[in-house]
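> Here is a sequence with its predicted model. Questions after.
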Amino acid sequence: MKVTLKLFSGLMEYLPDGADGNALEVHAREPLTPRMLIEKYRVPPGEARVVMVNGEFLPPEQHEAPLRDGDVMSVWPSIQGG
């Protein structure tokens, strides 16, 4: 299975070398969940504030739902301003 992970803003620092800008293709033989990807790339869970899959918001209680081949998962930090 192949999933695209996109990290935005300050979370981009967690992508490994070889990422294409803010995106990384992740290949896996077994099912992945959003929580698994967040943990795999060591994104602090408290910083992964908005998670979307294929452009749709994914509430935290659904972060254990398996991703499907071809899914695009996007993660944003909380936005702070003043």
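Right, received. Where do you want to start?
> Shouldn't residue 3 be within a strand?
Yes - assessed by DSSP: H, G, I helix; E, B strand; the rest coil, residue 3 belongs to a strand.
> Quickly note the distance from it to residue 26.
5 Å (CB to CB, to the nearest Å). For the C-beta atoms, the positions are set from N, CA and C on the backbone; glycine is no exception.
> Now for those two: what residues contact both?
32, 37 (CB atoms under 8 Å, 6 or more residues apart in numbering).
> between these two, which one's more packed in?
residue 3 (21 against 17; other CB atoms under 10 Å).
> Need the residues that contact whatever helix or strand residue 35 lives in.
Assigned by DSSP states H and E, residue 35 falls within helix 34-40. Contacting residues not belonging to helix 34-40 are listed as 3, 5, 26, 45, 48, 51, 53, 58, 62-65, 67, 73, 75 [CB under 8 Å, 6+ apart].
> buried residues in it?
Within helix 34-40, the residues scored as buried using 16 or more other CB atoms under 10 Å are 34, 35, 36, 37, 38.
> how near is the first one to residue 41?
Note on residue 34: its distance to residue 41, by CB to CB, is 11 Å.
> the strands in the chain, which residues?
For the chain, the strands defined by DSSP state E cover 2-7, 23-27, 50-53, 56-57, 72-76.
> Lowest-confidence member of the contacts of helix 34-40, which is it?
Minimum pLDDT for those is recorded at residue 45 (82).
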